[in-house]
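Asker: need coordinates for the below:
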Amino acid sequence: MGGDGDGWAQCERGHSHWGRFGAAGLMAYHRDPDGQVWVLLQQRAWWGIGGGTWGMFGGAIHSNEDPVSGALRETAEECTLDTRRVEVHGILVEDHGGWQFASVVGRVPELEQVRPASRETRKAAWVTEDKVTDKRLFPPFERAWPRLRKSLRRLVLVVDAANVVGARADGWWKDRPAANARLRDDLAALKEGVSGLPAGVVPYDSCFPEIVLVVEGEARSIAGEPSDGVRVVAAQGSGDDQIVDLVGRRDPDADYLVVTADRELRARSEAAGASVVGPRWLLSCL
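Answerer: Just a heads-up that it's a prediction; the model follows:
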């Protein structure tokens with residue numbers, strides 16, 4: 001299927017790339033009950049660039065698309081994967097100067113059978129992550145694979161509401177539940193993507209995290225209110241204890257990032273395996 005993105009472009013390095021407005025691909029993965037990670041690979045048609053090699057599904061982005069929509073559309077055109085079931089976690093960007101390739105990483109709930117759907121695809125296959133390099137890989141994908149492999153996870157952003165609310169001089173002391181509700185509503189904007197992640201968490205250039213706001217005391221009253229993509233957890237006791245319990249569950253598919261300036265909670269969260277960042281970072285993202 002054609003579009004206004006189909007065509008060649010030249011980057012500042014003097015290389016020619018397919019995609020007038022850049023290109024994007026989907027790195028779909030599945031983690032099975034035993035913890036084994038499978039990734040979906042495409043064998044490129046013999047007649048195309050890198051014919052016979054293996055990589056991710058993808059192609060040129062059109063002028064009206066963002067990288068995620070472009071990667072999902074290209075994948076749906078080239079294979080039978082139901083892209084509506086892909087839970088997108090983040091984006092890795094390879095910038096060539098004036099031209100970019102975006103690798104969109106997303107999890108699928110099961111290993112559904114995937115078949116070719118266009119002349120661009122010779123084969124489609126689920127491959128365990130440890131066997132990817134056994135195949136003859138498309139050179140750009142081969143270079144990107146080590147970083148991609150580290151990114152086959154989701155980010156859970158756990159916000160210490162009491163601590164972050166206290167860092168905002170917005171009159172929170174007058175009405176604590178209302179201040180927590182304002183923070184909850186502001187956090188919804190992070191669904192559009194978070195960049196500048198701190199070191200130590202999944203290395204996305206742009207991330208779409210699961211957002212968990214932990215409230216305590218009077219602010220627990222907001223837990224039953226509608227929220228736009230933010231999960232509000234009401235601590236029955238200490239908010240710190242609730243946060244440590246959440247991050248200590250060690251979901252094998254998740255990295256946890258706790259937002260707090262509390263030194264004791266920082267130490268406890270790190271001991272439980274989470275990374276920690278202060279409220280200033282979060283507020284700069286809002």
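Asker: how about the helices of the stretch 101-250 of the chain, start to end?
Answerer: Per DSSP state H, counting those that start in this stretch, the stretch 101-250 of the chain carries helices over the ranges 139-149, 161-165, 176-187, 239-247.
Asker: stretch 29-43 - what's its average pLDDT?
Answerer: For stretch 29-43, the mean per-residue pLDDT is 97.
Asker: look up how far Gly50 lies from the residue lying farthest from the centre of the chain.
Answerer: Distance from the C-alpha centroid of the chain, by Cα atoms, centre = their mean, peaks at Lys174 (36.7 Å). Remark: distance between Lys174 and Gly50 (Cβ to Cβ, to the nearest Å) = 62 Å. For the C-beta atoms, the positions are set from N, CA and C on the backbone; glycine is no exception.
Asker: wait, Ile222 sits on Arg184?
Answerer: Yes - counting by Cβ atoms under 8 Å, Ile222 does reach Arg184; the two are 6.5 Å apart.
Asker: pull up the overlap in contacts between the two.
Answerer: Jointly contacting Ile222 and Arg184 under the rule Cβ atoms under 8 Å, 6 or more residues apart in numbering are Val232.
Asker: got the contact list for the residue lying closest to Gly7 once chain neighbours are set aside?
Answerer: Nearest residue to Gly7 in three dimensions, chain neighbours excluded: Arg20, at 4.4 Å (Cβ to Cβ, 6 or more residues apart in numbering). Arg20 makes contact with Asp4, Gly5, Asp6, Gly7, Trp8, Ala9, Ala60, Ser63 under the criterion Cβ under 8 Å, 6+ apart.
Asker: switch the cut-off to 10 Å
Answerer: If you count contacts by Cβ atoms under 10 Å, 6 or more residues apart in numbering, Arg20 has them with Gly3, Asp4, Gly5, Asp6, Gly7, Trp8, Ala9, Ala60, Ile61, His62, Ser63, Trp99.
Asker: let me know whether Asp160 touches Gly166 as I believe.
Answerer: Yes - judged on Cβ atoms under 10 Å, Asp160 makes contact with Gly166 at a distance of 9.5 Å.
Asker: among those two, which residue is more densely surrounded?
Answerer: Higher neighbour count among Asp160 and Gly166: Asp160, with 27 against 16, using other Cβ atoms under 10 Å.
Asker: show the pLDDT at that one.
Answerer: pLDDT at Asp160 comes out at 97.
Asker: run through the bridge partners of it.
Answerer: Val214 (DSSP bridges).
Asker: spit out the contact partners of it.
Answerer: Counting by Cβ under 10 Å, 6+ apart, Asp160 touches 166, 213-216, 239-240, 242-243, 258-262, 265-266, 269, 276, 279, 282.
Asker: now Thr83: how far from Glu74?
Answerer: 10 Å.
Asker: quick check: neighbours shared by these two?
Answerer: With Cβ under 10 Å, 6+ apart as the test, Thr83 and Glu74 both reach Leu26, Phe57.
Asker: between those two, which is the more surrounded one?
Answerer: Neighbour totals were compared for Thr83 and Glu74, and Glu74 leads with 30 against 20 (other Cβ under 10 Å).
Asker: my read: that one touches Val68, true?
Answerer: No - counting by Cβ under 10 Å, Glu74 does not reach Val68; the two are 11.1 Å apart.
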